[in-house]
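> got a structure for you, letters missing:
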């Protein structure tokens, strides 16, 4: 394993790898190494030294940090100025049984977004600019450190969710937002998936700007809250004291005064999939049109599952033998089933996502080659 | 402006190409001179070129067939939506097929259950909102040309508007795009789930200025209309006080729905143009919208009012819808008002970090002296997007050239302070030759390779966005003569 703690060291390493035509795996915090197709014992480039906040400009609503900066560090520094990252990064280390440290670059590269994606979008929606080294060993920039920019191709979108297959990131600039003073979670108990998701969509399509909308069947709510009967619809609202009061009153109106406040905030655990950490089997994230959630959940027929993003995301645990069936259900619903946690054999067999139609797969390969013509970076992971 | 040389062999084959296209779209080929004149420029009217032929497909299958034909025959393609681009993105080629998407304007599906609308690319931005507003929804991005510009064009340009700070650009409001690749293959990116299952090709295609393919279907998010919107106007004795106020509002944690800046010259010109009630003698004016639930808006308005006072400004709040509209009518008439001050005007579009505003305004004033030309500034202050307006008289020898140089220097200044060449109008042909001021040769080469990933033959919108090796140093802009913009009925802001 080699370490690179500066952009020039990364570039030097890449140029050497290019000479040798030797692909490698990029590792920072190490939490995501078992996501996607396994990389067969490739050499490692350890970029965990590329860590720390480079420039934080609260008045410009942007923060620039090295990609291996831990999410906890970012949250703490922004918190001092009552701000938060523009997207809601999820720490999947528990569900992936990793002792690693979840980092900014990892969360963006894996498009790891928690419950807040519903309101704030994903990493793609808040990464404004980055620096990186491409497969030719050249340093380059994508985007710019301003909120509004249409100059040239929008490369920051591409690196989010690319799982490190395009370039080695060395610096990232994100939008930040004011952090709301208060948050409250409402719980609508003893509701079926049909009723629960319908209530969540009602809130999603109101002017309440909810920060989290999830449905937990009774099998999943046990440790987090008291008996919820058939299941619970959870609604997180944010704001300063008075606006929050107003939003709560509006929410109660929309929900027919049937919801009650709960003291804890279940959404950190929901967004990071923590409740699936101790369950056996493969862990899936199935992304669909929100209104299809009750039907797709029925078809998936998993004992352990939950719905986030008002139904747009279903988490589930399933035996490895279910993989093809889950992919078929997702495809029929015009959605995407991401195999987040599985054995190396399953990940080889099924990949992170279903294979794309040939024309799209061809374009994706060609785009990747534009960045990394020798396919040196995390080859095949995505 | 140097464009790739015309291929006379293609021009010589015109009759054959016209009949091949007529075989694909029997009722949608424009080949006569007067018909083609309609399509010879977009809203960057300083540049004109009659296309070889214009084809107006009605279905995605026709688009696919046209692109298969052009790929096989090696004929350049220029995609066009409504032709409202301010950067020449749809400027035709003498040896190229102009593919106009205006006939594909069906709203395919309105899905309130998933808060999205599926449309063909020729549907106008405003018609999406009109289709859903009775149910209390709207489509958030609102470019000034929204009454005319098409959603396909919005995807191509990643269009913005007044509300980007809070609601994002087009790219943040899309769930899915279906497009035809330069080889004719149809691909679907995302959908109602928004998930793509691989690289974010939808994000790459959005804002790609017609270089990567033709969009044939778009799925957009719609939002619930905020129950309350209130508008403040704040006036300042100095530009720097207004700039400090913008920074202080943002730092306070308020995210206004819109925050617009006008300097004294712009405000004065506007006041004499349509009397929106802007205070006399102010050196800078801010218009600020807050929207949301009642208490959120009240909180924002009271914070902004206090901050304006701390920064030495005075606020007036619109008391009713009528007054709100009146305050905004001035801002939205800025281009037209400036057009009254001189026969000609060009509008620039760059973004800067907000903190650089005082420095940029200072340096612009110096440039104005250097080039002996008047200018004013309107500015989407919330997101740092500047629209300097340079006035000149094209009849006076040398003024147009000086205006262009002045404009180019302003954009270079934007880049120097850490900003960009274009915040929302796009690069097109207008700023193409300034790209080397912002990007290194390696960065431009990388973007060129990304283009090749879609368009191996280099047939899609050649000569746009990326500079050519031996380009002249010359830029076009939105050129306004006699206060007449192209599409004079469109407000521009």
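Now that the structure is in, tell me what you want to look at. Everything numeric here is computed off the predicted structure, so don't read it as measured data.
> check what pLDDT residue 319 gets.
Looking at chain A here, since you left the chain open. Per-residue pLDDT puts residue A:319 at 97.
> meant chain B actually
Turning to residue B:319, the model gives it a pLDDT of 92.
> just residue B:333 next, same as before
Residue-level confidence at residue B:333 comes out at 85, pLDDT.
> I'd assumed residue B:273 was in contact with it.
Yes. Counting by C-beta atoms under 8 Å, residue B:273 is a contact partner of residue B:333 at 5.8 Å. Every residue, glycine included, has its C-beta placed from N, CA and C.
> now do the contacts for whichever residue of the stretch 101-250 of chain B sits closest to chain A.
Closest approach of the stretch 101-250 of chain B to chain A (C-beta to the nearest C-beta) occurs at residue B:203, with a separation of 2.6 Å. Under the criterion of C-beta atoms under 8 Å, 6 or more residues apart in numbering or on different chains, the neighbours of residue B:203 are A:124, A:154, A:157-158, A:160, B:171.
> against residue B:15, how distant is residue B:43?
Distance check for residue B:43 against residue B:15: by C-beta to C-beta, to the nearest Å, it reads 31 Å.
> when the two are compared, which one has more neighbours?
Neighbour totals were compared for residue B:43 and residue B:15, and residue B:43 leads with 24 against 10 (other C-beta atoms under 10 Å in any protein chain shown).
> just checking, the more buried one touches residue B:85?
Yes. Proximity of residue B:43 to residue B:85 meets the contact threshold set by C-beta under 8 Å, at 5.9 Å.
> which pLDDT value belongs to the nearest residue in space to residue B:428 that is not next to it in sequence?
Using C-beta to C-beta, 6 or more residues apart in numbering or on different chains and skipping residues adjacent in sequence, the residue nearest residue B:428 is residue B:87, 3.1 Å away. Reading off the per-residue confidence, residue B:87 sits at a pLDDT of 90.
> also residue B:482?
Residue B:482 is assigned a predicted lDDT (pLDDT) of 53.
> and residue A:53, by the same measure?
Value listed for residue A:53 in the pLDDT field: 98.
> repeat that for residue A:296.
The predicted local confidence for residue A:296 comes out at a pLDDT of 98.
> that one: how many residues sit nearby?
The tally of other residues near residue A:296 (other C-beta under 10 Å) stands at 22.
> that one belongs to a strand?
No. Counting by DSSP: H, G, I helix; E, B strand; the rest coil, residue A:296 is not part of a strand but helix.
> you'd agree it is up against residue A:336?
No. Applying C-beta under 8 Å as the test, residue A:296 and residue A:336 come out as separate, 11.9 Å apart.
> what's the helix or strand for residue 79?
The chain I'm using is chain A. Secondary structure assignment for residue A:79, by DSSP states H and E: helix A:71-80.
> please go with chain B instead
strand B:77-80.
> okay, buried residues for that strand please.
Under the neighbour-count criterion of 16 or more other C-beta atoms under 10 Å in any protein chain shown, strand B:77-80 has B:77-80 buried.
> and the two most separated of these?
Comparing every pair within those by C-beta to C-beta identifies B:77 and B:80 as the most remote, at 10.1 Å.
> find residues that contact each of those two.
When C-beta under 8 Å, 6+ apart defines a contact, the residues bordering residue B:77 and residue B:80 alike are residue B:99.
> residue A:205: how many residues sit nearby?
Residues lying near residue A:205 (other C-beta under 10 Å) number 21.
> and the residue nearest the centre of chain B, how far is that from chain A?
Within chain B, one residue has its C-alpha closest to the average C-alpha position: by C-alpha atoms, centre = their mean, that is residue B:425, at 3.2 Å. Relative to chain A, residue B:425 is positioned 7 Å away (C-beta to the nearest C-beta, to the nearest Å).
> which stretch of helix or strand covers that residue?
When secondary structure is defined by DSSP H and E, residue B:425 falls outside every helix and strand.
> correct me if wrong: it contacts residue A:151.
No. Taking contacts as C-beta under 8 Å, residue B:425 lies outside contact range of residue A:151: 10.1 Å.
> so where is chain A shaky, pLDDT-wise?
Residue ranges of chain A with pLDDT under 70: A:223.
> circling back to that earlier point, so for the helix holding residue A:79, what gets flagged as buried?
Taking 16+ other C-beta under 10 Å as the neighbour-count basis, helix A:71-80 is seen to contain the buried residues A:71, A:73-74, A:77-78.
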